[in-house]
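**Q** Coordinates for the following, if possible.
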Amino acid sequence: MTIPRFEMPFGITLRVADTCCEAHQTQIWRIPMQVKIAARLTAASLALMSLCGASLAQAPAYTVQQVHPELAGMFGNSFNNKTRIAATIKNKKGKYVGAVCAAATCTEVPALAGAPKGSITSVRGIERLGHVVGNSPTAQTYAHAILFDGVETRDLGAFPEDDCGGCSLISYAHGINDKGQVVGSSQTANGGFQAFVWKDGVMTKLPTLGGNGSEAVAINSRGVAAGSAELDEFTRESHAAIFRKGKVQDLGVLGTGSGSTAFDINNFDVVVGDSTTDGPNGVRPFIYSAGEMKQLPLPANALNGSAYRINDAGWVVGGYLPMGDSHGRAWVNDGHEVYDLNSLIPAADQAQWIINGATDINASGQILVHATKPSDLQTIYTLILTPTAN
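**A** Numbers count the residues shown, from 1 in each chain. The predicted structure is shown next:
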């Protein structure tokens, strides 16, 4: 069994007696210097418990909470530790718009000032204060990356490569960390899109792996971003990538696969995503750590699947397509086993819901999912699954 390696601050080494694991060896945990000690130790402890503790004896279990039952068609994209959700909702005019949702209310994210009447926004990422990022039409009707702080929608601009400082170029924001760093992609003068990181009004272009395009979708508290980048300008093949201090790192592929994409990165620089493979199952989920990409298991009846989010305890959530079924299912991996989330909720909820996909997991282990009802496979609902004590 492989235990994650973490770096402690100031060169201190934390040794954890691995008495619960099969080799009974002493393991070394090295935790990143920039993350607060208390949070790191908590995450390390949770990870060790998930690998060696009670989770080995029994599967996790969850209670189910429907988010805003009155909002049929709500789709939660991401959430923070206070369960504030960056979501897509259907407003009173019947339009699907970006919103920030708390337990009792949803606040629609307004379009940028000057945008055409009736313009709608889309939101993707959220940070601890509930600020969200996404995109909105501009006065020139081009979509621009935005940051909404609960009061004002701010235009983050685009690469200034046209004759008007980026006004005629398109940009999208996908992720934000708790330091206010935003990542996404912006159109370039040649018409392609390239990854960026934005901070305090400055949008900085991130490199590719040799091609014309790249995209950053998530950024951790250390300012390390994850996404994908093209290898060359001819095949336009892309690999999962990490962007660190203005440089890009190719994470590779599974087996002899041809392409991969990263979807999330935690504060220990562990990355998850999906990759094509050399086998018959098409796309499979991966986890990347300490210079190595490994394939994550899927439930036994899976045709293919992806890993979408990872928390600092190393729990991963994603989705898969069962063989012989056209509707997806959600899964969680606790660092040791993979489970279909539909099997981890109470029987009464299993009769009411089909959990089709997991979109986020927070530090508390709560999972944001989208679901349908057995009697209505077309309408999407958002649920929060909260772990119960075993």
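**Q** Nearest residue to residue 381 in space, ignoring adjacent ones along the chain?
**A** residue 371 (5.2 Å; CB to CB, 6 or more residues apart in numbering). Heads up, the C-betas are built off the backbone N, CA and C, glycines and all.
**Q** Regarding the closest residue to residue 75 other than its chain neighbours, which helix or strand does it belong to?
**A** Nearest residue to residue 75 in three dimensions, chain neighbours excluded: residue 88, at 4.5 Å (CB to CB, 6+ apart). Residue 88 is part of strand 85-90 when elements are defined by DSSP states H and E.
**Q** same deal with residue 195?
**A** strand 193-199.
**Q** Domain boundaries for the chain, per the record?
**A** 1-57, 62-80+298-390 (automatic domain parsing).
**Q** Any idea which of these has the lowest pLDDT on average?
**A** Mean pLDDT values for those show the minimum at domain 1-57, a mean of 35.
**Q** Run through the helices of the stretch 251-390 of the chain in chain order.
**A** 347-352 (DSSP state H, counting those that start in this stretch).
**Q** Who are the contact partners of residue 320?
**A** 298-299, 302-306, 328-331 (CB atoms under 8 Å, 6 or more residues apart in numbering).
**Q** Show me what the residue nearest to residue 75 bridges to in the sheet.
**A** On DSSP bridges, the residues paired with residue 88 through beta bridges are residue 75, residue 98.
**Q** Hmm, residue 97 and it touching each other?
**A** Yes - counting by CB atoms under 8 Å, residue 97 is a contact partner of residue 88 at 7.2 Å.
**Q** which residues are in contact with both of those two?
**A** residue 122.
**Q** circling back: which among the contacts of residue 320 end up buried?
**A** Taking 16 or more other CB atoms under 10 Å as the criterion, what is buried in the contacts of residue 320 is 298-299, 302, 304-306, 328-331.
**Q** Which two among those are spaced furthest apart?
**A** The most widely separated members of the buried ones among the contacts of residue 320, counting by CB to CB, are 304 and 330 (14.1 Å).
**Q** which stretches of the stretch 51-200 of the chain form strands?
**A** For the stretch 51-200 of the chain, applying DSSP state E, counting those that start in this stretch gives strands covering 62-66, 75-79, 85-90, 96-101, 106-108, 122-126, 132-137, 143-148, 153-157, 171-176, 182-187, 193-199.
**Q** Those strands: which one's closest to residue 217?
**A** Using CB to CB, the nearest of those to residue 217 is strand 171-176, at 4.4 Å.
**Q** which other residues reach the closest one?
**A** 124-127, 131-135, 143-147, 156-159, 182-187, 196, 198, 203, 215-219, 225, 227.
**Q** go with 6 Å
**A** 124-125, 127, 133-135, 144-145, 158, 182-186, 217-219 (CB atoms under 6 Å, 6 or more residues apart in numbering).
**Q** try stretch 339-353
**A** 59-62, 64, 299, 329-332, 355, 371.
**Q** Stretch 120-138 now?
**A** 77-78, 80, 84, 86, 95, 97-98, 100, 109, 111-112, 115, 119, 143-149, 172-176, 178, 182.
**Q** Can you go through the residues you listed and name the buried ones?
**A** Buried, going by 16+ other CB under 10 Å: 77-78, 80, 84, 86, 97-98, 100, 109, 111-112, 115, 119, 143-148, 172-176, 182, out of these.
**Q** Leaving aside the residues adjacent along the chain, what's closest to residue 319?
**A** residue 357 (4.0 Å).
**Q** distance of that neighbour from residue 369?
**A** 6 Å (CB to CB, to the nearest Å).
**Q** Can you pull the poorly scored residue ranges out of the stretch 51-200 of the chain?
**A** 51-57 (pLDDT under 70).
**Q** mind redoing it with 50?
**A** 51-56 (pLDDT under 50).
**Q** Averaged pLDDT, stretch 203-219. What do you get?
**A** pLDDT averaged over stretch 203-219 gives 96.
**Q** now what about it, what contacts it?
**A** So stretch 203-219 is contacted by 157, 174-175, 177, 181, 183, 185, 192-197, 225-233, 243, 248, 250, 264-265 (CB under 6 Å, 6+ apart).
**Q** Buried residues in it, which are they?
**A** In stretch 203-219, counting by 16+ other CB under 10 Å, buried: 203, 206, 208-209, 211-219.
**Q** Stretch 119-134 too?
**A** 119-127, 130-134.
**Q** same question, stretch 326-343
**A** Those would be 328-335, 338-342, for stretch 326-343 by 16+ other CB under 10 Å.
**Q** What of stretch 159-176?
**A** Neighbour-count burial for stretch 159-176 [16+ other CB under 10 Å]: 159, 166-167, 169-176.
**Q** about what we covered before: for the residue nearest to residue 381, what are its contacts?
**A** 353-356, 381, 383.
**Q** Tell me the one among those nearest to residue 315.
**A** Using CB to CB, those come closest to residue 315 at residue 355, 15.9 Å.
**Q** Bridged to the closest one, which residues?
**A** The partner residues for residue 355, given DSSP bridges, come to residue 371.
**Q** Do I have it right that it meets residue 367?
**A** No - using CB atoms under 6 Å, residue 355 is not in contact with residue 367, being 9.1 Å away.
**Q** hmm, back to that, filter the contacts of stretch 203-219 to the buried ones?
**A** 157, 174-175, 177, 181, 183, 185, 192-197, 225-231, 243, 248, 264-265.
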